[in-house]
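J.: this one's structure only:
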């Protein structure tokens, strides 16, 4: 075989170097692409985890709000019931106000009756005092009449012993 010329070898060497350079450049580009994809993947995983956390917290919040709504529905009164109760309460308030007015009128009437009773009681006390005075005067008068009658009887019948005196009239 014939020896390969150095020109061919040089050309092959330069071609091989060019091929190595192209291969090195291609590998470098592939590494950059792979690194960029890895960074994108890490970033997407972080975003995905954040979104998953948000979804979980949103689900928990939805469950909490659903429970709160259920509690409110069981503990709340419908507007119709509220309006009925409000109307009934207003009717009761009106009734109470009317009854209060009647009570005020009755209190005024009772006060007037009490004043009339006080006047009547005062008049009765006065009448009782007058009756007591008149009774005392009558008793005194009856005593005097008895004394005068006794003296008259002594004068009219000087010989008769003391006759029993008539009893004073019965009465108070």
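T.: Structure received. Small disclaimer: the values here were computed from a predicted structure and weren't measured.
J.: Off-centre distance for the helix or strand containing residue 116?
T.: Here residue 116, judged by DSSP states H and E, is contained in helix 79-156. Centroid displacement of helix 79-156 relative to its chain, using Cα atoms, centre = their mean, to the nearest Å, is 45 Å.
J.: Likewise for stretch 147-159?
T.: 95 Å.
J.: related to what we said a few turns ago, now the helix holding residue 116: mean pLDDT?
T.: Mean per-residue pLDDT for helix 79-156: 93.
J.: That helix - contacts with which helices or strands?
T.: Helices and strands touching helix 79-156, as assessed by 3 or more Cβ pairs under 8 Å, 6 or more residues apart in numbering; DSSP states H and E, are absent. Glycine gets a C-beta too; all of them are placed from N, C-alpha and C.
J.: Just give me the neighbour total for residue 40.
T.: For residue 40, the count of nearby residues is 10 (other Cβ atoms under 10 Å).
J.: mind checking which helix or strand it is in?
T.: The secondary structure element spanning residue 40 is helix 6-75 (assigned by DSSP H and E).
J.: Same question for residue 3.
T.: Going by DSSP H and E, residue 3 is not in any helix or strand.
J.: Which pLDDT value belongs to it?
T.: Confidence for residue 3, expressed as pLDDT, is 78.
J.: since we're on it, how many residues are nearby?
T.: The criterion is other Cβ under 10 Å. On that basis, residue 3 has 7 neighbouring residues.
J.: Repeat that for residue 154.
T.: The burial count assigned to residue 154 is 13, neighbours taken as other Cβ under 10 Å.
J.: For residue 142, see how far away it is.
T.: When distances are taken as Cβ to Cβ, to the nearest Å, residue 154 and residue 142 turn out to be 19 Å apart.
J.: go on, residue 30?
T.: In this structure, residue 30 and residue 142 are separated by 155 Å, where distance is defined by Cβ to Cβ.
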